[in-house]
Structure formats: structure tokens, C-alpha cells
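Novice: I would like to see how this sequence folds:
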Amino acid sequence: MKTPRPASKLKRKREEGKGKKIKKGGDKEEKRKFADIGETHSVLEDDHDEGEGFDNESTRSKVVENLRQDPDENDSGLEEGSETEDVGICSDEEDIRSNGQTASEDSMHLSSFDLHLQHSLSKEEIDSKSNVKYSWETPAIDMKNCKWIGTGENIMEDLDINSYHGLKATLSEHWMDVYKTSGAKDIGSPKQRMFFSLCSSYRDILYCNKRPFYLKGLEDATIMDAYIMHSLNHVFRTRDSVRKNDAKLTKLKEHTESDKFRDQGFTRPKVLILLPLASIMYRVVKRLIHLTPSASKVNVEHKDRFSTKFGSEEHNGEETENAKPSKTSDFEKLFGGNNEDNFMIGIKFTRKTIKLFSDFHTSDIIIASALCLVNKIEEFGINKEKDVDFLSSIEVLIIDHADVISMQNWSHVHTVIEHLNCLPSKQPGTDVMRIRPWYLDDHARFYRQTIMLGFYSNPDINASFNHQCVNYEGKVKLICEYKGVLHKVLPKIRQVYERFDVDSIVEADDARFDYFIKKVFPRIKDLDQGGTMLFTNSYFEFIRLRNFFKSQNASFCLLGEYTSQSDISRARLWFYEGSRKVMLYTERSHFYHRYKIRGVQNLIIYSLPERKEFYPEIVNMLNGSNNMTCTVLFSCLDKLRLERIVGTTPAKRMMAAEKGVFVFCH
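Specialist: Residues are numbered from 1 along each chain as shown. Below you'll find the predicted structure:
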């Protein structure tokens, strides 16, 4: 297996900015529950965001009334006119009739897709700059010690988790058949239905408790399926509405300037999925193809090329039973396949074909790494002949495995989001008279739905969600309580936590450094024995400590993510033999390599790791040592990391207590 590298010359810049269950049996009854017939305007009229300063109830009511006046107009979409001849997906009228309803009845059952895109923001709403306020909370289904909080109205009170709201019947029936065929035990689980309903509400979502595939135990794959189906549904509904409007315009035999036919954006791509590694992209695309109805994937173009390019290094588990793995199991699963982090692929749906490797400007879905998109953006900055206009009309942004991306460089995600929904640099190929007014008014960012998924959240992820996601619909966020991981520490050792004071986030780094040089460094400076390992969360902390130790002419060695392999081997040997008393070690280096450092006697955790599973791995390096000690530095700004490690309840006490030293013995 290739050892993953956190950086190369190309990538070095990544550090530069750092319910109720569905009854089994009765296929007809069950499929009807999945059908797109259960979404009424009475529920969605109340779905507005007070926290964002938008009062859209009256506008929503006008949208509903307009759609009810014209039953054929209750679908809207965004598409390049040149692409509409390929569309072969069932229209909504066909879906409704397949479930026993007439097209006229459809006027009373409007999808959230229609209501979201048809809403018209007023100047007062745009100018309103009130702060985001999470005004409600409700327990999360099937997730102990977790709750949802949100802005605006509490949509959880009105969500009916017995059906997949707004999902086209062709998609829902196929989804159900896929689960039945696979023999899954959690077909239509309440948690999955609830999450899909949240996606269909078109609110921004931060889901920070998604169990990843690489950890031991049952993978939370139902969440991935839900966002894939939501993406397919958005693309297919977009196509249906454009095709219907094309047909109406053909009947009129002349172009009309009616606003009823404004159904498109500047470019075709509507869904962008950001992922950290090519191997994860390979899993997502394979699942997306699997969940696409058979009629729409009679042919999958370039499937062999896709498997060769991205699946050739897929971990096949050929290790023998007696072979001892050199790394942890989660490391083997995460990095066992193609660990390239500079990738991008376009996916286009035509009448009966899924086209992989389609041109980005004519794709429906783009799946990429943040690093690759940043490279595209920088190329455009240098060469104006190129462009990133394919990012101008993204309506659904999904960021999966956000915690892994943050180990690469979250600043790339920040850059990508900043470049979404900007006015195109070149003349769009779309008929201007078909472009929605809010695109022309440069308000598209207020209509973009952002879904962030990860195993945990951190300040960078929270900051992007709070400040870069301005969806007028509002936001929902998952909050969890943690038990901690101290019980996984093997050696019986006193873990001493020392809290230092900090007045503001701007002064946090300096406060930590000052506490270290005044309180901690004097203890290790006079030690005769070596074996002191200094663990840091941040590369910048690593550099600062390195410079400080140099200024003190201290005996130390380095083990960072940019250290060459030869230097790493020498450093580990020097440290084990005692010729270097101190080793500086970073979390990112541990993430990419999972080194087992021998000779650790004294562990100082300068800053807690983001990934809670790393804490016991690092402390367990003391196992077998004599006179071992463990010291951890933290401040009130480390709350998220602290509660994942010691537990939510102890963390609250440690933050509020008058004393600043706490001891855990296990």
C-alpha cells in the first residue's frame, strides 16, 4: 500500500492558510409512501428563516398561489437550453399519475424544490443583516445524546418521516428496491428519513456525527445514500421543468418574455460534492450509479476508464490472516485505496446514459477535491482564457468527510465557497431570457443549500457554516454530547490538565506559547533524562516551538508532515537512543503516518488533537516506560476538542472551575 503524503510541491500550499418505521410487506402501499404526493404548501409556507433576517412567508404564499393557478407550472429548473434535448426522465405529471393522482391534483401538492427556487427575495430581505440565532432545538432520532438546533421556524415539528418528501416516485421506488435487494436491515430507517427530509427542506445542514466507513463498527452509509438521492432528485426535477417549458415554448411558436419560463442558471452544473480523497470519490460515484434508476443508466460511459483511474489502487484486503498490519485498521481502510487529493470529475445525465468525465461546463454533478478546485481558480487568475464559470450556478453544495478535509487544509474549502455563485466571466451559453432573476441580481448564494458532513466539527468548519452559508431558508445543526476516550488509555498514569487564561481568540496562540515557556519549559529544561515528546495540533505551533528550541540551543528533533523520510528515520533513532532529548510531533504527521514512537517517557500535549481517537494512541506510547508523566495544556477556546476527549460533562466543569489544574487517573 502506498504511504499517503500530506504534501508535495503541488500541495505544499495547503498549509499556507490553514420517528416511525415503515411497515414491511405490501409493496404497493410502501411505494406509495415514498411517492411525491405528501408535500403540502401549508407546511412549507411556515418554513422561513427568522434568524437570517428574512421574512418570506408572504412571498412564499404568492409563489404557492401562482403555482396553483397554473398546475403545469409547478416545476422549475435550471438548465442550459442546448442540453435539454437529452432529457428523458419522467415528468412530475407522469409520477403523479403513476401513484393514482391527476395532474390537476398536483397543484395542491407542491414540492420543496418548487417553493425554494420560485421564492423571490425583496431588497429589504437582502439588506437585512441580523445575526444567526439558533432559536429552537429538538432531540435527534436514533442518536442518543444528540439534538438538532436551528434558525427560523422549527421544521422538525412538521416533518413527516413516514415518507420521503419531494422525492420523485421513480427515484424512491428504485431506492426502496435497492435496499430490499441488498437485504439491508435499516430500510427506510427513521434517522435516514429524517435526514432526507432535512435535505429536502433546502436548509443548510451541519451534521457532525456521521460515523465514517473506516472506523470499526457499522458504517453510517444511510446518510450518504440520503444526500446522493437528494442530489439526483434535484438534477432530475431540474430537467423535468426545463423540458416542460421547452415544450410549451415550442407550442407558442415564438419566444415569450414571460417570467414563467425563467427556469435556468448561467451554467448547467447544479450539484457540487467536495471529498478529501479519490478513493472516497470512487465509493460515492459507484453508489450514485447504483442508486440511479435503471431506465436512466442503460449505458454508463467511460466506466472502465473511471475504475482504472480511481479504483486501480483500491484496497483489496489481500493480507493473510497471520500477517500483522503495520498500521491501525482505520488507517488501512482510509488510505488503503487511491489516496490522491487532487481530483475532479464531471457527471452528466442524458436520456438513458450516465456520462462520466463529462466537460465541467456541461455536467450536472461535479465531484472534486477542494485542492483541485483551488488549482483551477488559481489557473483562472493567471490565464484569463480559462474560467471557473461552472461554479456559478451551483444550487446544492455537499461537503462530506469534512473532518478529513480539515486535516488537509480547510482554507481551500473556504476559497472554493467564496468562488461559488459568482457572476460568470464569460457570456453564458444559456438564453438570457430563461435565466432566473435572482441569478442576474447576483443573489444566487442566498439560494444555495450547503450540507456539511463529518465525524466531528471544529472551529474552522463552524466558521464556514456560520458565515459562508447564507441560505435564506435557514440552518439546522446537530449538537452532540460525548463520553470521552480516557478509558482507552492503557498505562496507569496521571494525566494532568493545566488550563491557561486567554482573553480573546486573537491572543490564544500567544497565551498558549507564553504559558509553555514560563510554566512548562523550565520543568523539562533541567531534566537529565530524555524521552520528552511534545505533541502539537497545528503546524504553525510546530514551527514556533522549533524556533524557540533553536534559540535555547536545546537538544531536540523534528517529526512533522513536511519532514523527509530520511530525516524522520534519523529523528526516531536519535530520540530512542537518547541522543536527542525532545521530539516535536504534529497531529497531521500522525494522521498521515501513524508512527509508533519508542522511548517516550514524558508526554506534553501542547494542544489537544482534533481527532479524539488520536489521544489514546499518543498517550499509549508511554506504555512500558518508567517514571512516565503526561501534561495537557488547554484553554476555554479548546472546548470542542476537550469534550470529545474527556467527555462533555467533565469538560464543562473544567471550563467553569476556579482552579486550573485537573488530574485524571486510569
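Novice: drop to CA atoms for contacts and neighbour counts, all remaining ones
Specialist: Will do.
Novice: any regions of this protein where pLDDT drops low?
Specialist: Judged by pLDDT under 70, the chain has its weakly predicted residues at 1-109, 127-131, 183-187, 217-219, 253-259, 312-325, 666.
Novice: domain-wise, how is it divided?
Specialist: 112-251+269-311+329-480, 486-665 (the TED database).
Novice: which of the ones you listed sits most buried?
Specialist: Each of the domains of the chain was scored by mean neighbour count; the highest is domain 112-251+269-311+329-480, a mean of 19, by mean count of other Cα atoms under 10 Å.
Novice: quick check: end-to-end length of that one?
Specialist: The first and last residues of domain 112-251+269-311+329-480 sit 28 Å apart, counting by Cα to Cα, to the nearest Å.
Novice: same check on stretch 199-213?
Specialist: Counting by Cα to Cα, the terminal residues of stretch 199-213 are separated by 21 Å.
Novice: likewise for stretch 582-596?
Specialist: 16 Å.
Novice: out of the domains of the chain, which gets nearest to D263?
Specialist: Closest approach to D263 among the domains of the chain (Cα to Cα): domain 112-251+269-311+329-480, 5.7 Å.
Novice: mind checking the SS state of the residue of the chain positioned farthest from its centre?
Specialist: Within the chain, D528 marks the point farthest from the mean C-alpha position, 47.5 Å out by Cα atoms, centre = their mean. Following DSSP: H, G, I helix; E, B strand; the rest coil, we place D528 in the coil state.
Novice: I273 now?
Specialist: Under three-state DSSP, I273 falls in the strand class.
Novice: kindly report the same for V476.
Specialist: Per three-state DSSP, V476 ends up strand.
Novice: touching, it and I205? I think so.
Specialist: Yes - applying Cα atoms under 8 Å as the test, V476 and I205 come out as touching, 5.1 Å apart.
Novice: circling back: distance to K260 added to the domains of the chain, as JSON lines?
Specialist: Output for the domains of the chain, formatted as JSON lines (distance: least, Cα to Cα, whole Å):
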{"stretch": "domain 112-251+269-311+329-480", "distance to K260": "9"}
{"stretch": "domain 486-665", "distance to K260": "48"}
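Novice: looking at these, spot the one closest to F261.
Specialist: Here domain 112-251+269-311+329-480 is closest among the domains of the chain (Cα to Cα), at 5.9 Å.
Novice: state which helix of this protein is the longest.
Specialist: Ranked by number of residues, the top helix in the chain under DSSP state H is helix 221-252.
Novice: and that one, how far out from the chain middle?
Specialist: Centroid displacement of helix 221-252 relative to its chain, using Cα atoms, centre = their mean, to the nearest Å, is 22 Å.
Novice: what does stretch 580-594 give?
Specialist: How far stretch 580-594 lies from its chain's middle: 27 Å, per Cα atoms, centre = their mean.
Novice: kindly report the same for stretch 566-575.
Specialist: Counting by Cα atoms, centre = their mean, stretch 566-575 comes out at 36 Å from the chain centroid.
Novice: dump that stretch to PDB, restricted to CA.
Specialist: Taking Å, rounded to 0.1, in the frame of the first residue of the first chain, the C-alpha atoms of stretch 566-575 are listed here in PDB:
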ATOM      1  CA  SER A 566      15.400  10.000   5.800                       C
ATOM      2  CA  ASP A 567      15.200  12.800   8.500                       C
ATOM      3  CA  ILE A 568      12.300  11.100  10.200                       C
ATOM      4  CA  SER A 569      14.200   7.800  10.400                       C
ATOM      5  CA  ARG A 570      17.200   9.500  12.000                       C
ATOM      6  CA  ALA A 571      15.000  11.500  14.400                       C
ATOM      7  CA  ARG A 572      13.200   8.400  15.600                       C
ATOM      8  CA  LEU A 573      16.500   6.700  16.200                       C
ATOM      9  CA  TRP A 574      18.100   9.600  17.900                       C
ATOM     10  CA  PHE A 575      15.100  10.000  20.200                       C
END
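Novice: contacting residues around stretch 540-558?
Specialist: If you take Cα atoms under 8 Å, 6 or more residues apart in numbering as the criterion, stretch 540-558 is touched by 509, 536, 560, 568, 571, 574-575, 579-586.
Novice: rerun at 6 Å
Specialist: 571, 580-584 (Cα atoms under 6 Å, 6 or more residues apart in numbering).
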